[in-house]
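Engineer: predicted model, plus sequence, below.
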There are 2 protein chains.
Amino acid sequence: MTSDLSGDPILIVGSMAFDDLELPTGAARDVVGGSATYAAFAASLLAPTRVVAVVGDDFPNQVLERLGARGIDTSGVERAQGKTFRWAGRYSQNLASRTTLDTQLNVFADFRPKLPESYRTSPVVLLGNIHPALQLEVLAQAKAPRFVAADTMNFWIEGERSALGQVLSRIDALVINDEELRQLAGEHNIARAARAVRALGPKRLIVKRGEYGAMLFDDHGTFFAPAFPLETEIDPTGAGDTFAGALLGHLARAREFGHEAVRRALMFAAAVASFCVEDIGTRRLEQITSDDVTRRLDALHRLIDPPSR
Amino acid sequence: MTSDLSGDPILIVGSMAFDDLELPTGAARDVVGGSATYAAFAASLLAPTRVVAVVGDDFPNQVLERLGARGIDTSGVERAQGKTFRWAGRYSQNLASRTTLDTQLNVFADFRPKLPESYRTSPVVLLGNIHPALQLEVLAQAKAPRFVAADTMNFWIEGERSALGQVLSRIDALVINDEELRQLAGEHNIARAARAVRALGPKRLIVKRGEYGAMLFDDHGTFFAPAFPLETEIDPTGAGDTFAGALLGHLARAREFGHEAVRRALMFAAAVASFCVEDIGTRRLEQITSDDVTRRLDALHRLIDPPSR
């Protein structure tokens, strides 16, 4: 997809990885993944994108070139000695759940995000799911960003409450899935959990619910973006990161962060994330044209097109 | 809620029951339930409602009087010698799943629905979840209904395929939950399963997904009605029947069955069903005023209020 990259630059910090996937359709090894990879491909549909991540000496240059060809600045991707982060997982037959089979942190274990000077003034920042202390280091290096969103996961919610609390108090939006929300709030009810988590800091909470869509809780109320009912579901890996990248990319492009802008971005993110599931890894995401996205966004809008009353 | 019952009459056939519920908030015994009871209370918010069901000699007259006070015609409720149908179930701590502890069919075992003469011309018919052969008997007694919807369950999908197939070929809408849809289609993917089930007959398929909302598949496309994000969730029993009753009641009231009318009815049904969960049994459903429903419907519409693009 060709973009004219006219929006505010967006900085994405996260992982780049190899994934070994056991999917209902078969096994796929050495699939290039990682939260920063998916988010960057998605964000670059709309805005100039900069990535901070670490890869090992086994990571193919050709992938960085593919990112570069999309206008993504990879000068913040550090190449360290050793192996790239690797995750192995098995999906259930219906793709509704997955089991981690293996996690090899490799060079990711010693990752300390370093922002190139040119990245520091990025107005929009996506803190992918890394240790909250590292998310804070990114914020310490960033100069007065206009909009910061963060993702996190069960591991940090359980073990790094204090650092995570500092992150929450300093971001504009938290983007997590429903199970993480429940864990963070200690409360199963989504509406009450959302209220509790927003009280910890982030004015906007975006809850990803996979095939059930996404919800936004902000000062303006609650908003629901449906998931597109796909007929082809191959590989959900990275759909959440794609969602976050597309959301932030849309905001960066619009240079607006009000409640209408966030709602528009949520619909766009739901449209882009749906493509991610249609093939293995980033394959579909790298193929889609802006016409594809527009058509799917239209279909999503029709899905909730309110009947006249 | 007071209604001026100006719509087409709706005929509801289903169960009336006692439920023994183990809820996270405590146990509740002898709760009056059953698919016809919930559906009738909901439908009667909008349209003249007629019920066919069977109760035992232990069923309190006072409940039939409460139905009557809502303008519901209970002359088709047969009182048989013996005990009323009883279901006992235990909900998980988060209300997301439930286990059947006991089912005593009692007088329901020999139920053969008999439509009083005055019921036979009901233009709108809701065939609640009973044996598909009995659903066919109801259709044989009904005279040229304009709109027939049916519910069913895993038990009949598994064991009564042939009779269920005949029902499917003769109804305008099937209203089932997502697990039943998957079982009926032999297909996990919702979009493909919907296509397969619509090919069996019903032009409109309505899929209930609990806290994730409901989806409509028809010739006009796909439509999504969100569930209201409740802060108080006490007892989900009967929410699906409430949904079906409200949906049909809204259609009967409007005397319209086109795609716009069905979409409006879906939103209304989602609003009414949300109340059901807020208290035990039909308690909340019997309390709500038309202002309550309007306010919740407004909130539901705000939830999917599309951002300008």
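Structural biologist: Thanks, I have the structure now.

Engineer: pull the distance from the longest helix seen in chain A to the chain's centre.
Structural biologist: The longest helix of chain A (DSSP state H) is helix A:259-276. Remark: helix A:259-276 is offset 12 Å from the chain centroid, using C-alpha atoms, centre = their mean, to the nearest Å.

Engineer: that one vs chain B: in contact?
Structural biologist: Yes - using C-beta under 8 Å from any C-beta of the partner chain, we find that helix A:259-276 touches chain B at A:Glu260, A:Ala261, A:Arg263, A:Arg264, A:Met267. From N, CA and C alone the C-beta is placed, and that goes for glycine too.

Engineer: show me what that helix packs onto, helices and strands only.
Structural biologist: Counting contacts by 3 or more C-beta pairs under 8 Å, 6 or more residues apart in numbering or on different chains; DSSP states H and E, helix A:259-276 packs against helix A:35-43, strand A:214-218, strand A:221-225, helix A:239-254, helix A:283-287, helix A:290-303.

Engineer: stretch A:275-294: end-to-end distance?
Structural biologist: For stretch A:275-294, the first-to-last residue distance is 12 Å (C-alpha to C-alpha, to the nearest Å).

Engineer: tell me the mean pLDDT for that stretch?
Structural biologist: Stretch A:275-294 carries an average pLDDT of 97.

Engineer: derive a ChimeraX selection command for the buried subset of the residues of helix A:259-276 next to chain B.
Structural biologist: Buried members of the residues of helix A:259-276 next to chain B, defined by 16 or more other C-beta atoms under 10 Å in any protein chain shown, are picked up in ChimeraX with:
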select /A:261,263,264,267
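
Engineer: closest one of the residues of helix A:259-276 next to chain B to B:Gly68?
Structural biologist: Using C-beta to C-beta, A:Arg263 comes nearest to B:Gly68 of these, at 46.0 Å.

Engineer: Three-state assignment for the residue nearest to that closest one when sequence neighbours are not counted, please.
Structural biologist: Spatial nearest neighbour of A:Arg263, excluding adjacent residues (C-beta to C-beta, 6 or more residues apart in numbering or on different chains): B:Pro307 at 3.8 Å. Assigned by DSSP: H, G, I helix; E, B strand; the rest coil, the conformation of B:Pro307 is coil.

Engineer: need the per-residue pLDDT for B:Pro307.
Structural biologist: 80.

Engineer: isn't it right next to A:Glu260, touching?
Structural biologist: Yes - judged on C-beta atoms under 8 Å, B:Pro307 makes contact with A:Glu260 at a distance of 5.1 Å.

Engineer: re the thing from before, so what's the residue nearest to A:Arg263 up against?
Structural biologist: A:Glu260, A:Ala261, A:Arg263, A:Arg264, A:Met267 (C-beta atoms under 8 Å, 6 or more residues apart in numbering or on different chains).

Engineer: just give me the neighbour total for the closest residue to A:Phe268 other than its chain neighbours.
Structural biologist: In space, and not counting its chain neighbours, A:Phe268 is closest to A:His250: 4.5 Å by C-beta to C-beta, 6+ apart. Look at A:His250: counted by other C-beta atoms under 10 Å in any protein chain shown, it has 27 neighbours.

Engineer: and stretch A:296-309, C-alpha only, in PDB?
Structural biologist: Extracted as PDB, the C-alpha positions of stretch A:296-309 are listed here (Å, rounded to 0.1, in the frame of the first residue of the first chain):
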ATOM      1  CA  ARG A 296     -13.500  -3.000   4.800                       C
ATOM      2  CA  LEU A 297     -14.000   0.100   6.700                       C
ATOM      3  CA  ASP A 298     -17.200   0.700   4.700                       C
ATOM      4  CA  ALA A 299     -18.300  -2.800   5.600                       C
ATOM      5  CA  LEU A 300     -17.600  -2.200   9.300                       C
ATOM      6  CA  HIS A 301     -19.700   0.900   9.200                       C
ATOM      7  CA  ARG A 302     -22.500  -0.900   7.500                       C
ATOM      8  CA  LEU A 303     -22.400  -3.500  10.300                       C
ATOM      9  CA  ILE A 304     -23.400  -0.900  12.900                       C
ATOM     10  CA  ASP A 305     -25.300   1.400  10.500                       C
ATOM     11  CA  PRO A 306     -28.000   2.500  12.900                       C
ATOM     12  CA  PRO A 307     -31.600   1.900  11.700                       C
ATOM     13  CA  SER A 308     -33.700   5.000  11.600                       C
ATOM     14  CA  ARG A 309     -35.700   5.100  14.800                       C
END
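
Engineer: go through that stretch and flag the buried ones.
Structural biologist: Buried-residue list, stretch A:296-309, by 16+ other C-beta under 10 Å: A:Arg296, A:Leu297, A:Leu300, A:His301, A:Leu303, A:Ile304, A:Pro307.

Engineer: distance check, the second one against B:Ile10.
Structural biologist: What it means is A:Leu297. A:Leu297 sits at a distance of 38 Å from B:Ile10 (criterion: C-beta to C-beta, to the nearest Å).
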